[in-house]
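# After the sequence you'll find the predicted model.
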Amino acid sequence: METKILRVEINAQSPKAFIELLREYPLDTAAERQKENGKIIAEAYVSSTLIDKLQKPGIEIKVLEDAVETGMARQKEVSSGKQFTFAEGETIPVPKGLGKKE
């Protein structure tokens, strides 16, 4: 089976359950928030091989998307042409900065 990178939502019933999960699996989480009822919700990118291991009492894992597939789709949306060249010979000044100038 091919290993995928998935964007998941972690729903923890309590801060204690969330902390225990992160102690066992030091995930890079984002968008952490705590609801009024004490539940913790966060997002993380995890390997598809970890999904079953993350499911524990007090923890619910919801797969939001295949991050690799989404990344590949986004790359197709980006132009591969030179963005500061228009018709033949017609250009606009290249912005100044630290980037590579072509």
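Done, it's in.
# The helix or strand of the chain with the lowest mean pLDDT: how far from the chain's middle?
The helix or strand of the chain with the lowest confidence, counting by mean pLDDT, DSSP states H and E, is helix 67-76 at a mean of 88. Helix 67-76 has its C-alpha centroid displaced from the chain centroid by 11 Å (CA atoms, centre = their mean, to the nearest Å).
# same thing with stretch 51-65?
For stretch 51-65, the distance to the chain centre is 16 Å (CA atoms, centre = their mean).
# Can you give me the end-to-end span of that stretch?
Taking CA to CA, to the nearest Å, stretch 51-65 runs 13 Å from one end to the other.
# Show me which positions of it end up buried.
Buried residues in stretch 51-65, counted by 16 or more other CB atoms under 10 Å: 54, 59, 61. Where you see a C-beta, it was placed from the backbone N, CA and C, and this is true even at glycine.
# cool, and stretch 27-42?
Buried residues in stretch 27-42 (16+ other CB under 10 Å): 27, 29, 39-42.
# Now do the strands in this protein.
5-12, 29-34, 40-47, 59-66 (DSSP state E).
# Let's have those strands in a markdown table, adding mean pLDDT.
Below are those laid out as a markdown table (pLDDT from 0 to 100):
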| stretch | mean pLDDT |
| --- | --- |
| strand 5-12 | 96 |
| strand 29-34 | 91 |
| strand 40-47 | 95 |
| strand 59-66 | 96 |
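# now, among the buried residues of stretch 27-42, which is nearest to Gly97?
Minimum distance to Gly97 across the buried residues of stretch 27-42 is 32.4 Å, recorded for Thr29 (CB to CB).
# and Gln34, what are its bridge partners?
In this entry, Gln34 is beta-bridged to Ile40, by DSSP bridges.
# distance of it from Gln55?
Distance, Gln34 to Gln55, by CB to CB, to the nearest Å: 21 Å.
# do the same with Ser79
From Ser79 across to Gln55, the span is 41 Å (CB to CB).
# Please compute how far stretch 9-18 lies from its chain's middle.
Distance, stretch centre to chain centre, for stretch 9-18: 19 Å (CA atoms, centre = their mean).
# start to end distance for it?
Stretch 9-18 has an end-to-end distance of 12 Å (CA to CA).
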